[in-house]
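Trainee: Take this sequence and fold it.
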Amino acid sequence: MKQLLTVLFSIFLFTSSAETEVFQVEDDQKIVLDQVEIDQYYLSYFDRVFIDEKKLNVLMDNLEKTLYKAPVNAKLADDNQVISEKPGITLDRSKFEILFREYFYQNKNQKLQVPIVKVHPKVDSGLIREISSRQLGSYATFFKTSNKERSHNINLAAEAINNTVLFPGETFSFNEVVGERTKEKGYKRAPVIVKGELSEDIGGGICQVSSTLFNAVDLSGIQVIERYAHSKRVPYVPDGRDATVSWWGPDFVFKNLYNEPILIRAKANQGKMIVSVYSSESAEHFTGND
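Mentor: The predicted model follows:
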């Protein structure tokens, strides 16, 4: 359902441009747009008849950036209790455009209510319950907790992929989901294998997460699109069962070929890294897009 958020802006007769409008966020329920000169939206070289569509679109783009609040998917807590979804909001562009044109052609210099529309999350509570009912696969690896930096990195990467929902036909990229492993994101220097040699780098240890994930999703309904082995054997998985990743290099990518969404659950705790894959009771290998 569409709704109107009481967001007001005043139109002042001062010189400004649509590219440099000033937005002030007073609180979660009120955003004020300062100094909009209605004259600037007339198309040049015409007798104040046509709107400059480019400037109007810039105004709406800026409003949208200010108003937008991303939806939050439902997910499972560590105790498997469902954490409900939260809808987001965005500018209702079509309704705003109608209101703007009314005020523009009536040459009104007054406050205008900015319309918004809800942005619904892809994953709601009902779906998360349904696709967590049947385990399709699971795999566990182990690590030494005495290496605190490496353990910390494994925990961070596990949290990043936990509660990922992949819809039928969608592709999972480890690098895309986890993001760049940087000091600013909390990753620490730990041992990594580079060209067959052991060294240290930011994010060392996350290849254990990607390798555990690979073994968990090695199912008939999953198509592995991109996977690379380490240049040297790793101790946490059998030979040939690893999946190395790095931000500027190899990625681990796979596609969901089931007819239902799949849910990835990942957790690292007390030296054990475990990834499990779930879906609904009706999940079957979908062959239409193989």
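Trainee: From here on, just use CA atoms for contacts and neighbour counts.
Mentor: Fine.
Trainee: Low-confidence bits of the chain, can you list those?
Mentor: Within the chain, the ranges that satisfy pLDDT under 70 run 1-49, 107-112, 191, 193-203, 286-290.
Trainee: Can you tell me the element the residue nearest to the spatial centre of it falls in?
Mentor: In the chain, the residue lying closest to the centroid (C-alpha atoms, centre = their mean) is V177, at 7.6 Å. Per DSSP states H and E, V177 falls inside helix 174-178.
Trainee: which other helices and strands contact that helix?
Mentor: With contacts taken as 3 or more C-alpha pairs under 8 Å, 6 or more residues apart in numbering; DSSP states H and E, helix 174-178 sits against helix 148-161.
Trainee: The next helix or strand after the helix it packs on pairs with which strands, and in what direction?
Mentor: Using DSSP H and E, the helix or strand that follows helix 148-161 towards the C-terminus is strand 164-166. Using DSSP bridges, the strands paired with strand 164-166 are strand 262-269 (antiparallel).
Trainee: Measure how far the partner strand is from the centre of its chain, please.
Mentor: Strand 262-269 has its C-alpha centroid displaced from the chain centroid by 17 Å (C-alpha atoms, centre = their mean, to the nearest Å).
Trainee: Provide the contact partners of that strand at residue level.
Mentor: 128, 131-132, 154-155, 158-159, 161-168, 256, 273-280 (C-alpha atoms under 8 Å, 6 or more residues apart in numbering).
Trainee: now do stretch 274-281
Mentor: Contacts of stretch 274-281 (C-alpha under 8 Å, 6+ apart): 130-141, 212-213, 216-217, 260-268.
Trainee: Quick one, which of those residues are buried?
Mentor: The neighbour count (16 or more other C-alpha atoms under 10 Å) marks 130-132, 134-141, 212-213, 216-217, 260-268 as buried among the contacts of stretch 274-281.
Trainee: Okay, and which of those map to strands?
Mentor: Among the buried ones among the contacts of stretch 274-281, the members falling in strands are 134-141, 262-268 (criterion: DSSP state E).
Trainee: mind checking the SS state of A190?
Mentor: Following DSSP: H, G, I helix; E, B strand; the rest coil, we place A190 in the strand state.
Trainee: Specify the beta-bridge partners of it.
Mentor: D201.
Trainee: quick one: contacts for the closest residue to S280 other than its chain neighbours?
Mentor: With sequence-adjacent residues excluded and distances taken as C-alpha to C-alpha, 6 or more residues apart in numbering, S280 is closest to I131, at 4.2 Å. For I131, the contacting residues are E260, P261, I262, L263, Y278, S279, S280, E281, by C-alpha under 8 Å, 6+ apart.
Trainee: What's the separation between I131 and V72?
Mentor: Going from I131 to V72 by C-alpha to C-alpha, to the nearest Å gives 17 Å.
Trainee: cool, E281 as well?
Mentor: 25 Å.
Trainee: between these two, who's got more neighbours?
Mentor: V72 (17 against 14; other C-alpha atoms under 10 Å).
Trainee: What about the closest residue in space to that one that isn't next to it in sequence? Give its phi and psi, please.
Mentor: With C-alpha to C-alpha, 6+ apart as the criterion, V72 has its nearest non-adjacent residue at 4.9 Å, and that residue is K86. K86 has phi and psi values of phi -130, psi 120 when expressed as degrees, to the nearest 10.
Trainee: So K86 sits against N73, correct?
Mentor: Yes - in this structure, K86 is within contact of N73 by C-alpha atoms under 8 Å, at 6.7 Å.
Trainee: Pull up the overlap in contacts between those two.
Mentor: P121.
Trainee: Among these two, which residue is more densely surrounded?
Mentor: Shown here are K86 and N73; by other C-alpha under 10 Å, N73 has more neighbours (20 against 15).
Trainee: show me what contacts the more buried one?
Mentor: So N73 contacts S84, E85, K86, P121, K122, V123, D124 (C-alpha under 8 Å, 6+ apart).
Trainee: Format those residues as TSV; extra columns: distance to P250.
Mentor: Putting the contacts of N73 into TSV (distance: C-alpha to C-alpha, whole Å) gives the following:
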residue	distance to P250
S84	35
E85	33
K86	34
P121	31
K122	29
V123	29
D124	33
